[in-house]
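*Asks:* no letters, just coordinates:
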């Protein structure tokens, strides 16, 4: 149990200095100093002063064997006749106020003690908002129980600069980070205290380099690159095969439509990532021009994919060299455009991440999953090809399919289908 005692022999000094201030915790015992034994008094009177007047606690006439203690102090007040001090036990917040001890009859000396009974402060709760580079954020230190006289902040064990001093409002203190930057990273602590207790808690603060929108941009750009790379393999496979072993017929249709469709999706994803980037960072020529190119390539690759699926023989009837080049170069050009545009967005995201102090977004699982899913159709086509290899005989239909395959794999070549 907490016990507050007055050092003996200094009461006379306190008489001249004015009221004595004491603070005690709820439920503790506090010793209120009296007029010590050097004071020749005929009697001692203790009173509690409040706004409505005074309430007598006890009276001890000179020569009386014991003092008279008045309710509600009967069971929790202990008087020491030797120095006139008063011990109050199990004090509560309602006991806060001014206590006066008077010695002697009539105009004897008196001493006033201002007692403040406080609830100890509870452990502060320190939490932060979402902290992103270049965006405003805040740290909040809040105490649930106990009156708070002050809350002091430290960063990495050092006091905050004067310009960043937070404001205290009741039991809540807010530290504003406007805007947040890399130098704000570190360990923050807030110390809440009152006249009888203090509590401190700490929080490690990490400033994110990428906002939620930029993280989404990064993920979409990564998926677009993976789709483009898988599409590139689908375009390279027929070119690397010999004329005799080249994929023909239905397998060629499925391979061509899948690679063109996949690169079309990659263009759409990369275009979406560019829009999200400009939404966050603002318009930029380095993003707008690729967006226009990707929009054009999206339309062309979509037309090629749908034509290969539903009307593959149309490729053999193209007479315009410009149309042949457009159809032939659409998919490879889209692969290059997606890779370059996505690389720009990924590089920009990385530089933006370096402005914070968090770990870079791990996309390993995303890359592996996307690559595995997008490569499955190519593997299925490859397995079917090995099973049916050599079954296709030399016929007009096979020759037409071969010419179409050669045209798709080598853009810009002249149609050689015999009439």
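*Replies:* It's in. It should be emphasised that the depicted structure is a prediction, and the values quoted were computed from it without experimental measurement.
*Asks:* how many other residues sit next to residue 21?
*Replies:* Residue neighbour count, defined by other CB atoms under 10 Å, stands at 10 for residue 21. The C-beta positions use only the backbone N, C-alpha and C, and glycine is treated the same way.
*Asks:* doesn't it fall inside a strand?
*Replies:* Yes: looking at residue 21 with DSSP: H, G, I helix; E, B strand; the rest coil, it is inside a strand.
*Asks:* show me what it is bridged to.
*Replies:* When bridges are called by DSSP bridges, residue 21 pairs up with residue 114.
*Asks:* likewise for residue 139?
*Replies:* In this structure, residue 139 has beta-bridge partners residue 128, residue 175, where bridges are defined by DSSP bridges.
*Asks:* now what about stretch 188-199, what contacts it?
*Replies:* For stretch 188-199, contacts defined as CB atoms under 8 Å, 6 or more residues apart in numbering pick out 2, 23-25, 116, 118, 120-124, 126, 139, 141, 143, 146-155, 157, 171, 173, 175, 200-205.
*Asks:* show me the contacts for the residue sitting nearest the centre point of the chain.
*Replies:* By CA atoms, centre = their mean, the chain has its centre lying nearest to residue 130, at 3.8 Å. Neighbouring residues of residue 130 by CB under 8 Å, 6+ apart: 137, 208.
*Asks:* try it again with 7 Å
*Replies:* By CB atoms under 7 Å, 6 or more residues apart in numbering, residue 130 lies in contact with residue 137.
*Asks:* next: residue 186.
*Replies:* The neighbours of residue 186, taking CB under 7 Å, 6+ apart as the test, are 155, 156, 205.
*Asks:* picking that back up, and the residue nearest to the centre of the chain, what are its phi and psi?
*Replies:* Main-chain dihedrals, residue 130, degrees, to the nearest 10: phi -70, psi 120.
*Asks:* where does residue 86 land on pLDDT?
*Replies:* For residue 86, the model assigns a pLDDT of 92.
*Asks:* count the neighbours of the closest residue in space to it that isn't next to it in sequence for me.
*Replies:* Residue nearest to residue 86 in three dimensions, not counting chain neighbours: residue 32, with 4.6 Å by CB to CB, 6 or more residues apart in numbering. Neighbour count for residue 32, taken as other CB under 10 Å: 24.
*Asks:* quick check: residue 32 vs residue 70, distance?
*Replies:* From residue 32 across to residue 70, the span is 16 Å (CB to CB, to the nearest Å).
*Asks:* how about residue 25?
*Replies:* For residue 25, the distance to residue 70 equals 25 Å [CB to CB].
*Asks:* and what of residue 27?
*Replies:* Counting by CB to CB - residue 27 and residue 70 are separated by 22 Å.
*Asks:* where does the stretch 101-250 of the chain have low pLDDT?
*Replies:* Scanning the stretch 101-250 of the chain for pLDDT under 70 picks out the ranges 105-108, 239-249.
*Asks:* could you pull out the strands for it?
*Replies:* When secondary structure is read from DSSP state E, counting those that start in this stretch, the stretch 101-250 of the chain shows strands at 110-118, 125-128, 137-142, 150-155, 158-159, 167-169, 172-177, 186-193, 198-205.
*Asks:* quick one: contacts of stretch 377-387?
*Replies:* Looking at what lies outside stretch 377-387 - CB under 7 Å, 6+ apart - the contacts are 230, 233, 234, 247, 251, 254, 255, 258.
*Asks:* thanks a lot, see you next time.
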